[in-house]
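A.B. asks: quick one, structure for this:
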Amino acid sequence: MGVQAEEQKPIKLYAFTQQGCPYCAQLMSFLETQKDGDYPQIQVEEFDLKNNPGFIPKFNEFARAFGTDTNSIPKTFIGDKIIDGFKETELRSRLEYCSLPVNDCGDAEKIVKEKLANLDDSKTQSNSSEETLGWVVMGVIVVAAGGFLFYKIF
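C.D. replies: Below is the predicted model of the structure:
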């Protein structure tokens, strides 16, 4: 199933969980089993939102970058993919895909930073365009009002 030891590359996962959530417990147990078995290269960063509410802004960033909601957990981010809930088949498939030497899944946290930077850049450009448009509209109104006054006076 997994790739031979000499070919293994790290697979970084970001799991947003909550203590007391049965699906979160299943996810973490599954990931431990995979780490002890076919995929020892798995690097899991777990963020327990219940025990550490300080992780909520990070969860919001990941969700915003990946275009998903924050209404449910667990959410697992592997490279440029998100797995919502505990879906063993999807997780196995993604681990297998990421473990192949020809595939580069990347680091979800880096992907989040890039996506957010692009979102912020486009928002800034959008705001700049909106601001320019606002000034153009304002100029047209002023010119039109001036023309109207000129017409009424003369």
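
A.B. asks: phi first, then psi, for Lys81.
C.D. replies: phi -120, psi 150 (degrees, to the nearest 10).

A.B. asks: for it, give the beta-bridge partners.
C.D. replies: Counting by DSSP bridges, Lys81 forms beta bridges with Ile78.

A.B. asks: need the contact list for Cys21.
C.D. replies: Residues in contact with Cys21 (Cβ atoms under 8 Å, 6 or more residues apart in numbering) are 73-74. From N, CA and C alone the C-beta is placed, and that goes for glycine too.

A.B. asks: and what of the one 3 residues further on?
C.D. replies: Cys24 sits next to 15, 17-18, 73-74, 86 when contact means Cβ under 8 Å, 6+ apart.

A.B. asks: so what's the backbone phi/psi at Ala15?
C.D. replies: phi -110, psi 120.

A.B. asks: stretch 20-39: how far from the chain's middle?
C.D. replies: How far stretch 20-39 lies from its chain's middle: 21 Å, per Cα atoms, centre = their mean, to the nearest Å.

A.B. asks: list the buried residues in that stretch.
C.D. replies: Burial within stretch 20-39, assessed by neighbour count using 16 or more other Cβ atoms under 10 Å, is assigned to 21, 24, 27-28, 30-31, 34-35, 38-39.

A.B. asks: among these, which are located in helices?
C.D. replies: 24, 27-28, 30-31, 34-35 (DSSP state H).

A.B. asks: any chance of the residues you listed in JSON lines, with distance to Asn103 too?
C.D. replies: Converted to JSON lines, those look like this (distance: Cβ to Cβ, whole Å):
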{"residue": "Cys24", "distance to Asn103": "27"}
{"residue": "Leu27", "distance to Asn103": "22"}
{"residue": "Met28", "distance to Asn103": "24"}
{"residue": "Phe30", "distance to Asn103": "21"}
{"residue": "Leu31", "distance to Asn103": "19"}
{"residue": "Gln34", "distance to Asn103": "17"}
{"residue": "Lys35", "distance to Asn103": "19"}
